[in-house]
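> give me a 3D structure for the following:
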Amino acid sequence: MMMMKYTIVALALAGCVAEVDTLPADTDQPPEFSEAALTNTTRTAFNYFVSKGLTQAQSAGIVGNLIQESSVSPTAVEYGGGPGRGIAQWSVGGRWDTSHNDNVTSYASQHGVSRWALNTQLDFIWFELGSVSSYGLASLRAATTVSAATIVFENKYELCGTCSQTKRIANAQQVLRDYGGGTPAPTPTGVTCYSSTLGRDMPENACVQSRSDSAWYQCSDGGWVDRWSDPLACSSVNPL
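Presented below is the predicted three-dimensional model:
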């Protein structure tokens, strides 16, 4: 499992063409090094869309696009101060903060959450897919292969300029290989996750409510995942 994670990180860095993972100037972002910031975002995003009823291939197709857009970093800002923001690189002056009834900033404000949080941005993607038919949810549900799902999300949701479709498909195929089933390698003994909320290392499967966003995270294979991303029971429960 650890080797596969290193593979997907390397692929993400290689596949990202137009964006860079840098901290925005805005102040409504999760603190650096919090459980939220240290989450395995690729795995979390994949499991998120599976939990919404999409197939593993369809979910991988979405995440393959997000890797190309931002390496699935919720604080990603487009190179050179361009308009792209967040995991899907929504544009400033458009779907990031301006589009009527359809922008990340307004959605986050209405729900009392940070627009820079991964959960917020995943929820917003799902909101858009369910609210705007042209963004392709019906076509995505009809896709039966990773390639088809990747292309649907690229063409109907991302609406990218220079898309690098081959890389998006390769990203998606890697996501499916890494997180789409099979028997994972056993977690090495002694692997822990550092909790900035508690100020100490936590053992495998420990669950912590993060001070940064009040959400629950679970230690899994040496990294934090959203609680619903790991099917195993909490080895300990640590609320605020």
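
> let me know whether Val175 touches Thr42 as I believe.
Yes - counting by C-beta atoms under 8 Å, Val175 does reach Thr42; the two are 6.5 Å apart. Bear in mind the C-beta positions are built from the backbone N, C-alpha and C, glycine included.

> who's more crowded, those two?
Neighbour comparison, Val175 and Thr42: the larger count goes to Val175, with 30 against 24 (by other C-beta atoms under 10 Å).

> quick one: contacts for the more buried one?
Val175 makes contact with 8, 42, 46, 59-60, 63-64, 67, according to C-beta atoms under 8 Å, 6 or more residues apart in numbering.

> pretty sure it sits in a helix.
Yes - using DSSP: H, G, I helix; E, B strand; the rest coil, the assignment for Val175 is a helix.

> quick revisit: widest-spaced pair of the contacts of Val175?
Based on C-beta to C-beta, the longest span within the contacts of Val175 runs between Ile8 and Ser59 and measures 14.2 Å.

> between these two, which has more neighbouring residues?
Regarding Ile8 and Ser59, a neighbour count based on other C-beta under 10 Å identifies Ser59 as having more, with 27 against 23.

> what strand or helix carries the more buried one?
Using DSSP states H and E, Ser59 falls within helix 56-70.

> for that helix, name the packing helices and strands.
On a contact count with 3 or more C-beta pairs under 8 Å, 6 or more residues apart in numbering; DSSP states H and E, helix 56-70 meets helix 2-15, helix 41-51, helix 137-142, helix 146-152, helix 165-179.

> so how far is that helix off the chain centroid?
Helix 56-70 has its C-alpha centroid displaced from the chain centroid by 9 Å (C-alpha atoms, centre = their mean, to the nearest Å).

> stretch 29-47 too?
Its chain's C-alpha centre and that of stretch 29-47 lie 8 Å apart, by C-alpha atoms, centre = their mean.

> flag every buried residue along it.
Of the residues in stretch 29-47, those buried under the neighbour-count criterion (16 or more other C-beta atoms under 10 Å) are 29-30, 34-47.

> could you list the alpha-carbon positions for it in PDB?
The C-alpha coordinates for stretch 29-47 follow below in PDB (Å, rounded to 0.1, in the frame of the first residue of the first chain):
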ATOM      1  CA  GLN A  29      -8.000  28.000   4.900                       C
ATOM      2  CA  PRO A  30      -7.200  25.000   7.200                       C
ATOM      3  CA  PRO A  31      -3.900  25.500   9.100                       C
ATOM      4  CA  GLU A  32      -0.900  23.900   7.500                       C
ATOM      5  CA  PHE A  33       0.000  20.500   9.000                       C
ATOM      6  CA  SER A  34      -3.500  19.900  10.400                       C
ATOM      7  CA  GLU A  35      -5.100  16.500  10.000                       C
ATOM      8  CA  ALA A  36      -7.100  18.100   7.100                       C
ATOM      9  CA  ALA A  37      -3.900  19.300   5.400                       C
ATOM     10  CA  LEU A  38      -2.200  16.000   5.800                       C
ATOM     11  CA  THR A  39      -5.100  13.900   4.400                       C
ATOM     12  CA  ASN A  40      -4.500  11.500   1.600                       C
ATOM     13  CA  THR A  41      -6.600  13.600  -0.800                       C
ATOM     14  CA  THR A  42      -6.500  11.200  -3.800                       C
ATOM     15  CA  ARG A  43      -7.800   8.300  -1.800                       C
ATOM     16  CA  THR A  44     -10.300  10.500   0.000                       C
ATOM     17  CA  ALA A  45     -11.700  11.900  -3.200                       C
ATOM     18  CA  PHE A  46     -12.000   8.500  -4.800                       C
ATOM     19  CA  ASN A  47     -13.900   7.100  -1.800                       C
END
